[in-house]
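Q: Prediction below, plus the sequence it came from.
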Amino acid sequence: MRRFLTVMLVLTLTVGSLLASGNSKKAPDFTLETGKGSAVTLSKLQGKVVLVNFWATWCGPCRAEIPGFLEVYKEYKSKGFEIVGISLDQDGWKKVIPFVERFKIDYPIVMGNLKVVEAYGNFNAIPTSFLVDKKGNIVNEHVGYLSKEDLIKLIKPLL
């Protein structure tokens, strides 16, 4: 019985330290500009739950997830949720600004670069989204289309 209790104590301490350290890592900070020239800095959004979404205008799944993102943003922005769309369009703002206007995207859209892609792990597919908690830690990485329903499931416990 004593050995059982010792094993349980060791397991409890091990699991506890793993939970305390978390499987999350600090989200790489960035400052990127919107099409209107204002800066968006991730660290200035600390205290909010932030979806960092890498996308492009030519990407079908990226385009498909935007209407759901807009609905979730409208519903949860006042509760501390933010979205930052990082465009990876090689043609830059001349493609992105008309797209943003046509789809009435009201969350911040910034232009990405190689440095920010490398900071987020050099992923090789878009859309790729990172969910950042209120403390600035990445708590979820999602590659591919992210549905409205799945996004809500991810953010609700964090808000």
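A: The structure has been received and is ready for your questions. Note that the structure is predicted; figures quoted are calculated from it, not measured. Numbering: from 1, shown residues only.
Q: hey, let's count contacts and neighbours off CA atoms from now on
A: Fine.
Q: So in this structure, where's the weakest helix or strand by average pLDDT?
A: Confidence across the helices and strands of the chain bottoms out at helix 2-21, with a mean of 32, counting by mean pLDDT, DSSP states H and E.
Q: ok, residues contacting whichever helix or strand comes after that helix?
A: Sequence-wise, the next helix or strand downstream of helix 2-21 (DSSP states H and E) is strand 25-26. Strand 25-26 has contacts (CA atoms under 8 Å, 6 or more residues apart in numbering) with 136, 137, 138, 139.
Q: possible to save those as JSON lines with pLDDT and distance to residue 80?
A: Formatted as JSON lines, the contacts of strand 25-26 follow (pLDDT from 0 to 100; distance: CA to CA, whole Å):
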{"residue": "136", "pLDDT": "97", "distance to residue 80": "13"}
{"residue": "137", "pLDDT": "98", "distance to residue 80": "15"}
{"residue": "138", "pLDDT": "98", "distance to residue 80": "16"}
{"residue": "139", "pLDDT": "97", "distance to residue 80": "16"}
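Q: residues touching residue 42, list them.
A: 29, 30, 31.
Q: Please name the nearest non-neighbouring residue to the last one.
A: Computed as CA to CA, 6 or more residues apart in numbering, the closest residue to residue 31 that is not its neighbour in sequence is residue 41, at 4.2 Å.
Q: so that neighbour touches residue 28, yeah?
A: No. Using CA atoms under 8 Å, residue 41 and residue 28 do not qualify as a contacting pair, with a distance of 10.5 Å.
Q: Nearest to residue 146 among the contacts of strand 25-26?
A: residue 139 (15.2 Å; CA to CA).
Q: Correct me if wrong, but that closest one is in a strand.
A: Yes. With DSSP: H, G, I helix; E, B strand; the rest coil as the criterion, residue 139 is assigned to a strand.
Q: how about it, what does it touch?
A: Contacts here follow CA under 8 Å, 6+ apart; on that basis residue 139 touches 23, 24, 25, 130, 131, 132, 133.
Q: residue ranges for the strands of this structure, please.
A: With DSSP state E, the ranges of strands along the chain come out as 25-26, 31-33, 39-41, 49-55, 81-87, 109-111, 128-132, 137-143.
Q: Name every strand pairing with the last one and say which way it goes.
A: Under the criterion DSSP bridges, strand 137-143 sits next to strand 25-26 (antiparallel), strand 128-132 (antiparallel) in its sheet.
Q: Go through these and find the least confident stretch.
A: Mean pLDDT across the strands paired with strand 137-143 is lowest at strand 25-26; the value there is a mean of 95.
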